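Novice: Would you be able to build a 3D model of this:
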Amino acid sequence: MSGREISSVAIVGAGAMGAMYAVHFAEAGFRVTLVAHGERAQRLARDGIRVNGRHWRFAVTDPTDPTDNTSPTDPADGTDPADSTGTEPPTPVDLVLVAVKAAQLAEAVEIIAPLVDADTTIISSLNGLDSEEALAARYEPAQVLLSMAAGMETQRVAGEVQFRRVGRFSIGVDKRLSAEAQAEQAERVAALGRALDRAQLAWQQPDDILHALWWKFMVNVGANQASALMGATYGVLKPPGPARDFMSALMDEVVVVGRAEGVQLTDADLAQWDAVLGGQPDDGRTSTLQDVEAGRPTEVAIFAGRVVGLGAKHGIPTPFNQTVLWVLRDYAARLPA
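Specialist: Numbers count the residues shown, from 1 in each chain. Alright, predicted model coming up:
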């Protein structure tokens with residue numbers, strides 16, 4: 001059992017979401033370490049990150065090279081020295097938050113090993129359905145809580161992370177595990193909830209966390225992909241029209257393959273997304289649209305790719321997601337090497 005109170009947090013992936021979470025935990029007094037490697041680790045240790053107009057310097061550890069943990073220099077202009085922390089060799093922490101893109105998941109699973117001991121709790125904010133499975137295959141399944149984050153509004157603009165909405169975590173016990181493992185996870189969920197409350201990060205514990213993960217998968221498949229192909233902000237997705245119709249068609253295919261997988265997504269789930277969408281700023285952009293606009297690879301493999309794969313598994317046609325898969329794979333093939 002490990003309901004140990006959380007005081008130290010390691011965040012893998014200092015992108016927009018990772019930086020947002022790092023700031024919230026640091027402001028609440030947690031010991032926060034950013035996990036990176038190579039030149040990225042050196043740059044974070046040297047330059048820090050700028051979030052909502054404020055310069056932050058965090059401890060940075062490179063588990064692939066434990067001898068190369070260089071303390072940050074004096075804070076740059078505009079940085080409160082109290083915001084700076086020294087770096088340290090990779091040692092076990094209470095909480096590991098994996099906030100990388102899907103393409104970096106396999107690397108992240110391995111790189112966090114020196115930060116994990118028997119008491120460490122691991123959560124992921126990745127999109128898709130695969131990250132918890134990959135983490136649980138490498139570490140003790142009871143350590144890996146099923147989790148998702150939704151309702152965020154974050155972006156990187158001119159080298160600065162900006163967020164307007166922190167969204168909400170959903171965290172729960174994996175009911176596919178043994179009774180003993182579920183009891184351990186329940187203690188971990190309680191400890192994590194206390195930490196999130198302290199960090200002023202909203203969270204909930206759904207009765208069926210697996211259903212909640214599929215709900216977010218449905219949303220990502222629909223909103224992220226429709227926005228990317230049609231250049232649509234949230235404001236374009238809200239009213240009736242081609243963009244909304246395309247989003248709905250993509251989501252409908254998730255509902256059908258989900259049913260074949262034993263997950264019952266209903267009209268209530270679609271209504272829940274409408275409520276969330278209605279609260280998003282009209283000029284807000286999904287992460288996949290931001291990727292396309294920045295000329296970065298997308299996560300189409302874990303969105304449309306997964307839907308198409310499940311459709312093939314169950315003999316279910318998925319023409320809308322197949323089209324997205326073709327288009328975004330072609331886009332990726334045209335990106336500079």
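Novice: Can you get me a residue count around residue 140?
Specialist: Residue 140: 15 surrounding residues under other Cβ atoms under 10 Å. Bear in mind the C-beta positions are built from the backbone N, C-alpha and C, glycine included.
Novice: same question, residue 261
Specialist: Residue 261 is flanked by 13 other residues according to other Cβ under 10 Å.
Novice: secondary structure class for the closest residue to it other than its chain neighbours?
Specialist: In this structure, residue 261 finds its nearest non-sequential neighbour in residue 310, 6.6 Å apart by Cβ to Cβ, 6 or more residues apart in numbering. What DSSP: H, G, I helix; E, B strand; the rest coil gives for residue 310 is helix.
Novice: and residue 322, which of the three is it?
Specialist: Remark: residue 322 carries the secondary structure label helix [criterion: three-state DSSP].
Novice: one step back: tell me which residues touch the residue nearest to residue 261, please.
Specialist: Applying Cβ atoms under 8 Å, 6 or more residues apart in numbering to residue 310 gives the contacts 257, 260-261, 316, 318.
Novice: Nearest to residue 180 among these?
Specialist: Comparing those against residue 180 with Cβ to Cβ places residue 261 closest, at 26.1 Å.
Novice: where along the stretch 1-150 of the chain do the helices fall?
Specialist: Under the criterion DSSP state H, counting those that start in this stretch, helices of the stretch 1-150 of the chain are mapped to 16-27, 38-47, 105-111, 131-138.
Novice: Okay, now the unreliable bits of the stretch 51-200 of the chain?
Specialist: Scanning the stretch 51-200 of the chain with the threshold set as pLDDT under 70 gives 66-88.
Novice: Kindly recompute the last result at 90.
Specialist: Scanning the stretch 51-200 of the chain for pLDDT under 90 picks out 52-53, 64-90, 101-103, 126-130, 149-168.
Novice: what ranges do the strands span in it?
Specialist: Taking DSSP state E, counting those that start in this stretch, the strands of the stretch 51-200 of the chain run over residues 54-56, 59-61, 95-98, 121-124, 146-157, 160-172.
Novice: Residues in contact with stretch 200-218: which ones?
Specialist: With contact meaning Cβ under 8 Å, 6+ apart, stretch 200-218 is reached by 21, 24, 27-28, 127-129, 132, 146-148, 150, 166-176, 189, 192-193, 196-197, 251, 254-255, 258, 263-265, 269, 272-273, 303, 306.
Novice: Quick check: nearest residue in space to residue 107, chain neighbours excluded?
Specialist: Of all residues not flanking residue 107 in the chain, residue 100 sits nearest, at 7.8 Å (Cβ to Cβ, 6+ apart).
Novice: check contacts around that neighbour.
Specialist: Taking Cβ under 8 Å, 6+ apart, we find residue 100 in contact with 12-13, 15, 18, 107-108, 126.
Novice: Which among those residues count as buried?
Specialist: With burial judged by 16 or more other Cβ atoms under 10 Å, the buried subset of the contacts of residue 100 is 12-13, 15, 18, 108, 126.
Novice: And the residue nearest to residue 107, how far from residue 124?
Specialist: For residue 100, the distance to residue 124 (Cβ to Cβ, to the nearest Å) stands at 9 Å.
Novice: The residue lying closest to residue 123 once chain neighbours are set aside bridge partners, please.
Specialist: Once flanking residues are discounted, residue 123 sits nearest to residue 147: 4.3 Å by Cβ to Cβ, 6+ apart. For residue 147, the beta-bridge partners under DSSP bridges are residue 171.
Novice: and the gap between the residue lying closest to residue 197 once chain neighbours are set aside and residue 146?
Specialist: Distances taken as Cβ to Cβ, 6+ apart place residue 203 nearest to residue 197, at 7.8 Å, with adjacent residues excluded. From residue 203 across to residue 146, the span is 13 Å (Cβ to Cβ).
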